[in-house]
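Visitor: 3D, please:
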Amino acid sequence: MKKTIILVLAVVMCVGLALAGCAPANEPAAEEPAAEEPAAEEPAAEEPAAEEPAAEESAADEPAAGGGGYKLGVVNVNAVYPYYQATLSGMEEQAAKENVELIILDSQGDVGTQMSNVENLILQEVDLILLINVGETDGGQCVETANAAGIPIFALSRECKGSQEPTASIVTDYTVADGFAYDMAEQLGGEGKICEVQGVLGVSNVTLRHEALEKVLAENPGLELLDSQPGDFDPATAQAVAADMISKYPDMDAFYVHDDDSSMGVIQAVKDADKQDSIKIFSTGGDPSAMAAIQAGDLTSTWAILTGWEGAQSVHSAVAYLDGKDITKFIVTPSLRVDASNVEDYPGDYCWYTTEWEQFPLID
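Guide: Residues are numbered from 1 along each chain as shown. Here you go, the predicted structure:
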C-alpha cells in the first residue's frame, strides 16, 4: 500500500522563517496542529493516495527486496530425493523474501516428463525457468527449447550440455568433486585400495566425481582403484554393489561413494561383512543420515553441499537478472568437509536447509 505524505507549510512568526517538511512515515499527519494545516487538505488518515509526491512513492511492482512480482518456473529432477527437497525449501524461503511466485513441476526422473514440464511452463508464460536436469544432454535440449521460446533458463545443481548455453548455471561443480576426492586421498595417507560406488551414469556431477577420482589416482601412485560400479543413488542397489566388491576384494581399504544415500547401503554391507575396522567410507552430500553415521563412527566423512543455499541463490540470481542487473553467470555451490572433528557443529539437516551463512553470502 502506498504511503501518503502531506506537505505542510508552517509559518513561525517569531523568526519569520518558512520551513517545509514531510511528516515521518511512521507518524500520523493528523497530529499536526489544525491551524497550520492547509484548509484544502483532508486529515492524514483520510487523505487520498493520489496526493503522494512521486519522489517518495514506492511502486507496487518494485518492492525493496528486488524486482518482485515475477513468476519463476521450477523443473525438479525427482521429488523423492531429500537432497532436492532441501533445494526447493531454499527456493521457497528466498522467493518469499523477494516477493516472487514459484511454479514447481516434478520430472520424476523421466526425460520425457522433464521436457513436457518445460513446455508447460512456456505455455504458462513464466518469466524464467530453473532447471535441475535428469541428465546433462537432455538438460541441453531443455535449454534449446526455452531459448527458442525466448524464456531465460538457469541450470541448477547439474550442468547442461548441448549446442546452447543456459542463461546461468549454479551447480555443484569440479571444486566439490575435487574436494571430495582429495580429502579421501589425504585421510588415506596417499595409499590404499579403493572401490568406487557411482551414482547414475551420465549425470554431470557423477561424471565430475569420477573424473576427480581419476585425477587423484594419477597424482597418488600409492592409491589403486580396484572396481567402479553404478549404485544409481539408491541405498539398496549400493548395498548389493558394495557387498559384491567386498567379496571380490577382501583386502580393500576404502569406499569412494558418490552420495550419502548410497553410503547408507555401503555402511550396511560393510557391517554385514564385519569390516568396520578395516574399511573406511568416504561420501558426499551432507545428508542428515550421514551426520548421524559420522557420529556413530560408521562413516569416515562426507563432503557436505549447501543445497538450501543453492536453492536460495538460484532465486536471488533470477530476480536480479529479471531486474536487468549484471549477474555472475557461473556459480559453484559451496561445500565443506564434515568428519568426527566437526560434526557437532553441523547437526542433522543444518548443512542442507540453512540458507544464510556468514562465510557464504549470496552472490550478486
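
Visitor: name the nearest residue to Leu306, ignoring sequence neighbours.
Guide: Among residues not flanking Leu306 along the chain, Pro334 sits closest, at 4.9 Å (CB to CB, 6 or more residues apart in numbering). For every residue, glycine as well, the C-beta is placed using N, CA and C.

Visitor: phi, psi for that neighbour please.
Guide: Phi and psi for Pro334, reported as degrees, to the nearest 10, are phi -60, psi 150.

Visitor: I'd guessed it sits against Phe360; true?
Guide: Yes - using CB atoms under 8 Å, Pro334 is in contact with Phe360, at 4.4 Å.

Visitor: who touches both of those two?
Guide: Common contact partners of Pro334 and Phe360 (CB atoms under 8 Å, 6 or more residues apart in numbering): 306, 309.

Visitor: which stretches of the stretch 101-250 of the chain have low pLDDT?
Guide: Low-confidence segments of the stretch 101-250 of the chain (pLDDT under 70): 173.

Visitor: show me where it has its helices.
Guide: 111-123, 136-148, 174-187, 204-219, 235-248 (DSSP state H, counting those that start in this stretch).

Visitor: how is the chain divided into domains?
Guide: Listed by automatic domain parsing, the domain ranges of the chain are 7-56, 71-173+307-335+344-353, 176-305.

Visitor: re the thing from before, the more surrounded of Pro334 and Phe360?
Guide: Pro334 (19 against 16; other CB atoms under 10 Å).

Visitor: from Ala95, how far out is Asp232?
Guide: 31 Å (CB to CB, to the nearest Å).

Visitor: those two: which is more packed in?
Guide: When Asp232 and Ala95 are compared for neighbours, Ala95 comes out ahead with 22 against 19, by other CB under 10 Å.

Visitor: count the residues that sit near Ile132.
Guide: 27.

Visitor: these two touch, right, it and Ala79?
Guide: No - in this structure Ile132 lies outside contact range of Ala79 using CB under 8 Å: 10.5 Å.

Visitor: which one of the domains of the chain lies closest to Asp364?
Guide: domain 71-173+307-335+344-353 (6.3 Å; CB to CB).

Visitor: the closest one spans what distance, first to last residue?
Guide: Across its full length, domain 71-173+307-335+344-353 reaches 23 Å end to end, with CA to CA, to the nearest Å as the criterion.

Visitor: do stretch 183-192 as well
Guide: In stretch 183-192, first residue to last residue: 14 Å (CA to CA).

Visitor: ok, and for it, which residues are buried?
Guide: Within stretch 183-192, the residues that count as buried by 16 or more other CB atoms under 10 Å are 183-185, 187-188, 192.

Visitor: can you put those residues in a markdown table and add distance to Ala320?
Guide: As requested, these are exported to a markdown table (distance: CB to CB, whole Å):
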| residue | distance to Ala320 |
| --- | --- |
| Asp183 | 33 |
| Met184 | 37 |
| Ala185 | 38 |
| Gln187 | 39 |
| Leu188 | 42 |
| Gly192 | 45 |
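
Visitor: between the residues you listed, which is closest to Tyr346?
Guide: Taking the buried residues of stretch 183-192 together and measuring to Tyr346 by CB to CB, the closest member is Asp183, at 15.3 Å.

Visitor: how much space between that closest one and Ala177?
Guide: Counting by CB to CB, the gap from Asp183 to Ala177 is 11 Å.

Visitor: so what's the residue count around Ser247?
Guide: 10.

Visitor: excluding residues flanking it in the chain, which one is nearest it?
Guide: Closest to Ser247 by CB to CB, 6+ apart is Ala273, at 7.9 Å.

Visitor: OK, contacts around that neighbour?
Guide: 243, 246-247.

Visitor: about what we covered before: now do the shared contacts for Asp183 and Ala177.
Guide: The contact sets of Asp183 and Ala177 do not overlap (CB under 8 Å, 6+ apart).

Visitor: got phi/psi on the residue most central in space within the chain?
Guide: By CA atoms, centre = their mean, the chain has its centre lying nearest to Glu310, at 1.6 Å. When read as degrees, to the nearest 10, the backbone of Glu310 gives phi -60, psi -40.

Visitor: could you do Pro250 as well?
Guide: Torsion angles, degrees, to the nearest 10, at Pro250: phi -60, psi -20.

Visitor: how much space separates it from Ser263?
Guide: Taken as CB to CB, the span from Pro250 to Ser263 is 20 Å.

Visitor: re the thing from before, could you dump the contacts of Ala273 to CSV with distance to Lys215?
Guide: Shown next, in CSV, are the contacts of Ala273 (distance: CB to CB, whole Å):
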residue, distance to Lys215
Ala243, 28
Ile246, 26
Ser247, 29
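
Visitor: show me which of the residues you listed is closest to Phe154.
Guide: Taking the contacts of Ala273 together and measuring to Phe154 by CB to CB, the closest member is Ala243, at 39.7 Å.

Visitor: what about Thr328, which SS state?
Guide: Going by DSSP: H, G, I helix; E, B strand; the rest coil, the secondary structure assigned to Thr328 is coil.
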